[in-house]
Every structure is written in structure tokens, then in C-alpha cells.
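Visitor: after the sequence you'll find the predicted model.
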Amino acid sequence: MNPRYLGFGLALTALVVVGSASYTVGEAEQVIITQFGEPTGEAITDAGLHFKVPFVQEIHSFDKRFLEWDGSPNQVPTRDKRFIWVDTYARWRIVDPLRFFQRLQDERGAQSRLDDILDGETRNAVARYDLIELVRNSNRSPDDIPDEIVDEELEVILENIEKGRDQVSREILEVAAGRTADLGIELLDLRIKRINYVEEVQQDVFARMIAERQRSAELYRSEGQGEAARIQGERERDLKRIQSEAFEAAEILRGEADAQATDIYAAAYGRDADFYSFTKSLETYEKVIDSGTTVIMGTDSELLRYLERSR
């Protein structure tokens, strides 16, 4: 064999062996080494370059970071027999890679196991409490309730709760964390993301809410109509009072004016009766005689006595 090809083959073989014997662990990784399918030694958590037996040992890498679990919405009955959809989510991490590998193999197996544990504990917890305990976190004060809330709604709003949604979530977390510890998993947090009625119950709830809102609207409408009638009555009463007072004032002024005119006429007549009679006659002429009026009177008419020629 050509020594040149032999050297090239040996170099290539050495390169493959070295490549198979070394591996790199990232900052966010932790590694388990298995030999013929069985773990050997403790987990490797230090980042950097590491070595193993080539072709015999295999590496299994797991994430060090916080991982997400997002549950599927489940239809669950509450203690007061309300059927609701409950949607939860959680955060977890792998704290014992060796045990995690022995029990679950990989993250897909962990997600499946978490589905069983968290969904089951959520279902159990919801069934132990009434709906109001799952949708509220604290009790309400009457001073914080808007005035437009009707009596039936007010009774529900002011109903006291013992624990609330956050405490129920913590109970689920504590129980589930005890079950996941044996799997090499630390359950960090669990929250109820959404609670909703199932569709059949939801329609009934919406119908009741609409009826209550309509009743409240009718109450406000009737109160508004009553207030409008009161204001209209007060307006008409004030208008009549103002008109009556104005008419009274006008009559008083008219009477006073007539009295003053009478006094003036009387004074003028007493001072020069002939001149007064003459001026009043002239005013009468202006009112009863114009270019289109024909008047037939005798020569002895009192009205024409100032128009006769002097003799």
C-alpha cells in the first residue's frame, strides 16, 4: 500500500476518534453520559470541552433554563356544580438530570407527565371549591361598589370568600411539586390563566346578565321620565307665575298711566275749557276724517262748530 494513502487514512481515523471522544457543554446545558444505554457517573453541568469513550458512550443534553408548560383547557365541575373551562400554565426546570433521564428520558416525556400531574391536580382543586373562590382573590367592601349595581348583583359581589384564586393556585402548586420532585423536576410556579363557562352555561349567564341590565336600564329610564315630568311641571308653574306677575304689573302701570292722563286732562280742562275742547275736537277730526271718508252732518252739529265761518 502506498505510504502516502496509509498516512492519510491514519490521520482521518485519528480525527474521527478525537471528534467522537470530545463534546462541548453549553452554558444553558447539562449532560448525562450513557454507556450501552445505562448512565455512567453524575451529570456534567460545567460548561466547556469534555471527553468520553468514543463509539461506546453517548451524551444526552438537557436544558438548565426555566421551561414552559402550557396546559390544555379542561372542562371541570366546581363544588357548586358549575361547569367551567379551566386553562392553566406553569414553569419548571430540571434540577436532577440523572433522575430526570432515568424516569422521563427527555423533555417530551416530561411534558406528557406534567400533563397528567398538573391537569389532575387542577381538576381536584377546582372540584373542592365554589366558582366564586376561583374567580376572585379578595373580598369586596360596600364602599367600592358602584351605585348602579342592582340588589341581586350586589349580593353576589359582597359574598365573602375564604381563599381565592391565588391561594387555590398555590395549593395546586404545592401538591404537584411534591409529585414532580421524584422525577428530577422542580415546579417553580403555576397559575390559572383563564376561567370561562362552558358554552351551554355561558348562554344562560349572558341571558341573565342582559335581563339584569335591561331591568336596570328600565329603572333608570323610569326615574329619568319622572324627573323630566317634575322639571316640566316646575317649568310650567314658573311660566304661569311669571306671566301672572307680568300681567299684574302691566295692569298696574296701565291704571297708573290712565290716572295720570285723567289728571292731566282734568287739569287742562280746568285751566282753559275752550282751548281743551278745541284741541280735542282737532284730534277727533284726525281720527274720523280723511281723504277717503264722506261725512254728512247738519250745520248745527257740535262736531263742526269750530269749522263754521265767523259771522
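Guide: Received, thanks. Residues are numbered from 1 along each chain as shown.
Visitor: which other residues reach stretch 119-132?
Guide: If you take C-beta atoms under 8 Å, 6 or more residues apart in numbering as the criterion, stretch 119-132 is touched by 71-72, 74, 76-80, 82, 84, 86, 88, 134, 156, 159, 161, 163, 168, 171-172, 175-176, 179, 192. Where you see a C-beta, it was placed from the backbone N, CA and C, and this is true even at glycine.
Visitor: what comes up buried for it?
Guide: When burial is assessed from 16 or more other C-beta atoms under 10 Å, stretch 119-132 yields the following buried residues: 119, 121, 122, 125, 126, 129, 130, 131, 132.
Visitor: kindly report the same for stretch 228-247.
Guide: Buried residues in stretch 228-247 (16+ other C-beta under 10 Å): none.
Visitor: strands of the stretch 101-250 of the chain, start to end?
Guide: 185-197 (DSSP state E, counting those that start in this stretch).
Visitor: tell me the one among the buried residues of stretch 119-132 nearest to residue 98.
Guide: Relative to residue 98, the closest of these is residue 121; by C-beta to C-beta it sits at 25.6 Å.
Visitor: how close does the closest one sit to residue 70?
Guide: 16 Å (C-beta to C-beta, to the nearest Å).
Visitor: over to residue 208?
Guide: Look at residue 208 and residue 70: by C-beta to C-beta, they are 32 Å apart.
Visitor: can you check residue 272 too?
Guide: 117 Å.
Visitor: okay, now the unreliable bits of the stretch 51-200 of the chain?
Guide: 139-159 (pLDDT under 70).
Visitor: helices along that one, start to end?
Guide: 97-104, 107-127, 131-135, 151-157, 165-180, 199-271 (DSSP state H, counting those that start in this stretch).
Visitor: list the buried residues in the first one.
Guide: When neighbours are counted by 16+ other C-beta under 10 Å, the buried residues of helix 97-104 are found to be 97, 99, 100, 101, 104.
Visitor: once you drop chain neighbours, what's closest to the last one?
Guide: In other words, residue 104. Once flanking residues are discounted, residue 104 sits nearest to residue 110: 4.8 Å by C-beta to C-beta, 6 or more residues apart in numbering.
Visitor: same question for the fourth one.
Guide: Counting by C-beta to C-beta, 6+ apart, residue 101 lies nearest to residue 32, which is 4.8 Å off, once chain neighbours are set aside.
Visitor: break this structure down into its domains, please.
Guide: Taking automatic domain parsing as the reference, the chain has its domains at 3-63, 67-197.
Visitor: make a markdown table from those and add distance to residue 252 to it.
Guide: Below are the domains of the chain laid out as a markdown table (distance: least, C-beta to C-beta, whole Å):
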| stretch | distance to residue 252 |
| --- | --- |
| domain 3-63 | 101 |
| domain 67-197 | 51 |
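Visitor: picking up where we left off before, distance check, the residue nearest to residue 104 against residue 185.
Guide: 6 Å.
Visitor: the more surrounded of those two?
Guide: Ranked by neighbour count (other C-beta atoms under 10 Å), residue 110 and residue 185 place residue 185 first, with 26 against 22.
Visitor: what about that one, distance to residue 138?
Guide: 32 Å.
Visitor: need phi/psi at residue 163.
Guide: When read as degrees, to the nearest 10, the backbone of residue 163 gives phi -130, psi -60.
Visitor: who's in contact with it?
Guide: 129, 133, 171.
Visitor: so what's the last one closest to, chain neighbours aside?
Guide: Closest residue to residue 171 in three dimensions, ignoring its sequence neighbours and counting by C-beta to C-beta, 6+ apart: residue 125, at 5.8 Å.
Visitor: between the buried residues of helix 97-104, which is nearest residue 62?
Guide: residue 97 (5.1 Å).
Visitor: quick check, that closest one in contact with residue 184.
Guide: Yes - between residue 97 and residue 184 there is a contact under C-beta atoms under 8 Å: 6.6 Å.
Visitor: wait, doesn't the residue nearest to residue 104 sit right on residue 101?
Guide: No - contact criterion C-beta under 8 Å: residue 110 and residue 101 do not qualify, at 10.4 Å.
Visitor: roughly how far does the closest residue to residue 99 other than its chain neighbours sit from residue 94?
Guide: Leaving aside its chain neighbours, residue 99 sits nearest to residue 184 (3.5 Å; criterion: C-beta to C-beta, 6+ apart). Relative to residue 94, residue 184 is positioned 6 Å away (C-beta to C-beta).
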